[in-house]
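Asker: coords please:
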Amino acid sequence: MNKILIVDASASDGRIMAGLLIRAGYNPVVTDCIEAGKVEAAKLPPGAVIVTAMRLSDGTAKEFINWLKTEGYKFPVIAIVDNLNTDAVDVMRGGGAVDVVQRLAIDKQLIETVEKYAKPEHVVLTLGNQLLPRKSEVWQKIEEKITAIAATNANAIIFGECGSGKEQVAHQIYLNSSREQKPITIVDAGGAALVGRHNPENERSEIYNRIEGYFHKSAGGTIIIKNVHLLTFEKQSVLLHILETEHPDVRVICTAEPELLKMVTEKTFRPNLFFILRQSD
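Answerer: Predicted coordinates for the structure are as follows:
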């Protein structure tokens, strides 16, 4: 049952849309302003659709859509327009809406329009050409593995030598997963991105603050950690602590060179972290 977020200052139209959607088998949530819409958007599961009025008490559809983009949400947005010509051009050309519904024709257009963009909640998309598919049996097995892993919410580690396309495979898993509409964050374990500012209020290390911040930013979505074998022991400990104690709703896909397996054996990479990150084989 797809969730549909309605953001409309008109209480009567909100009730009408909710009723239509319920009868069509959807699960609507109605809010009357952008700020409330932001709260509900953060809770939306994959496959959801957003329906918003052009003008609201605290802003416009454009402003709401821009916020969604900034936060990394990819839910399709349908705008309710009063003037089909002027409003529709405005919100679709520069505003980022995927479609429009005329307010006077909500009862005739809403369900048909929502059906165009509502995806099954656990959809697995077909592979595109981003990875330059080959005809070899080895490549076919890789494609099958990508599809199989994408269909789950399991963490995964992609092994391969430098330059073998590990990150592209990791990204393809994200694109083919049910989390594709939620934010993705890509972090290089050996780069400066994991060095943050110390927050004296919570007495945590700057590394803890930065890593935890990436999980908050990617809530409901995916983090790709490139070159996970380059994590220092301290960063490994922080990552393990967050995964074991905070249980964030974030899927972690890592890339690593084969030397990671030796590091696990030699205990220079924490075995318990390795097994959490490699839920999928």
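
Asker: As a check, name the ranges of all strands in the protein.
Answerer: 3-7, 27-31, 49-53, 55-56, 59-60, 77-81, 99-102, 156-159, 184-188, 222-226, 251-256 (DSSP state E).

Asker: Tabulate those (TSV), appending mean pLDDT and distance to residue 108.
Answerer: All C-beta atoms are positioned from the backbone trio N, CA, C, and that covers glycine. Formatted as TSV, the strands of the chain follow (pLDDT from 0 to 100; distance: least, CB to CB, whole Å):
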stretch	mean pLDDT	distance to residue 108
strand 3-7	96	17
strand 27-31	96	18
strand 49-53	95	15
strand 55-56	90	22
strand 59-60	90	25
strand 77-81	91	13
strand 99-102	88	9
strand 156-159	93	45
strand 184-188	92	37
strand 222-226	95	38
strand 251-256	95	39
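
Asker: Got the confidence number for residue 2?
Answerer: pLDDT for residue 2: 83.

Asker: swap in residue 139?
Answerer: Predicted confidence (pLDDT) at residue 139: the value is 67.

Asker: and if you look at residue 204?
Answerer: Looking at residue 204, its pLDDT is 65.

Asker: In JSON lines, list the strands of the chain along with mean neighbour count and distance to residue 235.
Answerer: Below are the strands of the chain laid out as JSON lines (neighbours: other CB atoms under 10 Å; distance: least, CB to CB, whole Å):
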{"stretch": "strand 3-7", "mean neighbour count": "24", "distance to residue 235": "36"}
{"stretch": "strand 27-31", "mean neighbour count": "19", "distance to residue 235": "38"}
{"stretch": "strand 49-53", "mean neighbour count": "26", "distance to residue 235": "36"}
{"stretch": "strand 55-56", "mean neighbour count": "18", "distance to residue 235": "43"}
{"stretch": "strand 59-60", "mean neighbour count": "16", "distance to residue 235": "39"}
{"stretch": "strand 77-81", "mean neighbour count": "25", "distance to residue 235": "37"}
{"stretch": "strand 99-102", "mean neighbour count": "20", "distance to residue 235": "44"}
{"stretch": "strand 156-159", "mean neighbour count": "21", "distance to residue 235": "16"}
{"stretch": "strand 184-188", "mean neighbour count": "18", "distance to residue 235": "10"}
{"stretch": "strand 222-226", "mean neighbour count": "23", "distance to residue 235": "10"}
{"stretch": "strand 251-256", "mean neighbour count": "25", "distance to residue 235": "13"}
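
Asker: need these in CSV with distance to residue 119, can you?
Answerer: Conversion of the strands of the chain to CSV gives the following (distance: least, CB to CB, whole Å):
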stretch, distance to residue 119
strand 3-7, 11
strand 27-31, 14
strand 49-53, 9
strand 55-56, 26
strand 59-60, 26
strand 77-81, 14
strand 99-102, 15
strand 156-159, 22
strand 184-188, 17
strand 222-226, 17
strand 251-256, 18
